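K.L.:
this one's structure only:
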């Protein structure tokens, strides 16, 4: 009788909350701020790291990164995965105090890799105080002594925090007349692909690579795990995009013909594709040689695979791993590139698109080498941005990838770092910060198992050349689909990759043929699934996730949980439950529940969220409208005021043998600040039921700590 009365009370409560949660206006949003300097308790993931020493060199074992113990002179049995961020421009050069603070922040977020990006873009004059790169305005490659000193100190601090680094050699530098080389009349941003064609430029890049590594003291330091030779650039990429032509009458065409005569004098009939592939290989191998002279143990990549396509498997055959980039809803600048007051987005979704970008890059994986995605993002103010980290992390586990690096943490000086969402930066973006640490744990701890069956698609030299000749470039998935060698949705079922060294024609298993009729499409490990209703579900022993469009009033379920949205309308959110005591969710006594949704800046009145608006009245382009001036958009690069998150009211059922439970909302540092009323928690025979963010009179948080009593 008592249990029945409690059940009726709980039903009445849920009904009332359903009504209460549908209130319109500012009650659909709440203010919240994350204190990155004081993260503690359930949201502190620094335990994943330890100081890097001689027993922590990074090597490879076919498709995996592994730890190599220099003292024992052998690889350990420990596979390591990397979850990191990019730091570029001014953000890569904190002073000593700022560097320790930044490394502390990154460690607490679960970061074990920093990609030092665009170090060669900003040139510093003698009278300038700003430090945004390693080069001066003197002829390339003259190093900035103060910048090198700062970066060297920062890398040392990263080492102490267990954070490895990626060093990029050529990213943003555009050669100048002062360097004594052909500069291309401004037609080639970052001098791509001139930097691979003209021998003197190659010589200078070799010098830069060796001098940079030496000046930073990284020649015999395991902290330098990776070196990237040429960011997003290759000769094959430029040719496929018709930016260069071997037969053109300009200086580039003349130099290409001269290089062809030099390298293939005895084979003048060599095809353009084979010649350009060989030229790419020559460039990669020469810079690789310089890097190896300076840092013999570093793992090296020529460029990202999708910037050159299948031809890169030939030209960069010596790569230690493969790498790629992807973005969902990259900014568009209709009236001038990088105009911070005039920008727009489509507000598309990774899940809403059928995971199209993840499927596209998945087929770029070389099954014989580790695979990394060193840039990915779904930048603010896209209202679906909470999805990008947990979906990518869990999908990468399933596909057995080796590394992920979010672009970016920040690229402004530490002292100028904004606490409000802005452009690509993780700093200030509440929707991503709320799930970053959990996503790091998912990937680094392999909380989602890799798939059972590996489909390796053979890519003999003839196929690679055919793709390049067809100018497929990074559209490898479309190329393989057109040839009938792969069904796109099979990538949701099995591990996928290509084998550039195999010769056999691919045979697609029946399970893949049938996958196009399945809904939801479930991975063969049974731990991730994608529904055509635009919902992605994680159902692994220690991690459960509901990510995407939550149907109003209808329950969605995993083995040991179910969730019912209490919103009147379909709502997009990312809800994750992580076992903190290494037990399965159904047996765990300590769980972190993360609830992330759209993030917004404050409106001018400071009392409401600044929502998306149609760009210039267009129905399919969106921006954040400036309230301080008549320009088309609010400033992209910085904001002010409080940060808001959209409220996600839902009812959660956790199954297990529980006697009682306490649920605490956590503050921005991960400390308990409000305990949910006992009346909002119902213990039932098969577990417990409770409501989250259902009552606007109770402070909301993106983090909840669940403590279960036996």
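P.N.:
In hand now; what should we look at? As the structure is a prediction and not an experimental result, all values here were calculated from the model. Residues are numbered from 1 along each chain as shown.

K.L.:
any idea how far stretch 276-284 is from the chain center?
P.N.:
29 Å (C-alpha atoms, centre = their mean, to the nearest Å).

K.L.:
ok now do the nearest residue to residue 162 once chain neighbours are set aside, which residues does it touch?
P.N.:
Sequence neighbours aside, residue 49 is the residue nearest to residue 162 in space, at 3.0 Å (criterion: C-beta to C-beta, 6 or more residues apart in numbering). Any C-beta I mention is one placed from the backbone N, CA and C, and that applies to glycine too. Residues near residue 49 by C-beta atoms under 8 Å, 6 or more residues apart in numbering: 107, 110, 112, 161-163.

K.L.:
make it 7 Å
P.N.:
Contacts here follow C-beta atoms under 7 Å, 6 or more residues apart in numbering; on that basis residue 49 touches 107, 112, 161-163.

K.L.:
cool, residue 326 as well?
P.N.:
Going by C-beta under 7 Å, 6+ apart, the list of residues near residue 326 reads 357, 360-361, 373, 376.

K.L.:
with residue 227 instead?
P.N.:
167, 169, 291, 295, 298, 300.

K.L.:
direction included, what does the helix or strand that contains the last one pair up with?
P.N.:
Per DSSP states H and E, residue 300 falls inside strand 299-301. Partners of strand 299-301 in the sheet, by DSSP bridges, are strand 224-230 (parallel).

K.L.:
avg pLDDT for whichever helix or strand comes after the partner strand?
P.N.:
For strand 224-230, the succeeding helix or strand toward the C-terminus, using DSSP H and E, is helix 235-240. Averaging pLDDT along helix 235-240 yields 96.

K.L.:
again with stretch 106-120
P.N.:
98.

K.L.:
just the endpoints, please. Distance across that stretch?
P.N.:
Start and end residues of stretch 106-120 are separated by 23 Å (C-alpha to C-alpha, to the nearest Å).

K.L.:
could you check how far that stretch is from the centre of its chain?
P.N.:
Stretch 106-120 has its C-alpha centroid displaced from the chain centroid by 12 Å (C-alpha atoms, centre = their mean).

K.L.:
flag every buried residue along that stretch.
P.N.:
For stretch 106-120, the neighbour count (16 or more other C-beta atoms under 10 Å) marks 106-120 as buried.

K.L.:
next one: stretch 522-536
P.N.:
The neighbour-count check on stretch 522-536 (16+ other C-beta under 10 Å) flags 522-525, 527-531, 534-536 as buried.

K.L.:
ok, so of the residues you listed, who is nearest residue 470?
P.N.:
residue 530 (29.6 Å; C-beta to C-beta).

K.L.:
now that closest one, which residues is it bridged with?
P.N.:
On the basis of DSSP bridges, residue 530 is bridged to residue 521, residue 536.

K.L.:
report the separation between it and residue 650.
P.N.:
According to C-beta to C-beta, to the nearest Å, residue 530 stands 20 Å off from residue 650.

K.L.:
can you check residue 495 too?
P.N.:
Counting by C-beta to C-beta, the gap from residue 495 to residue 650 is 32 Å.

K.L.:
same check, this time on residue 363
P.N.:
Residue 363 is 35 Å from residue 650, by C-beta to C-beta.

K.L.:
kindly report the same for residue 406.
P.N.:
27 Å.

K.L.:
ok, these two, which is more surrounded?
P.N.:
Between residue 406 and residue 650, counted using other C-beta atoms under 10 Å, residue 406 has the larger neighbour count: 27 against 24.
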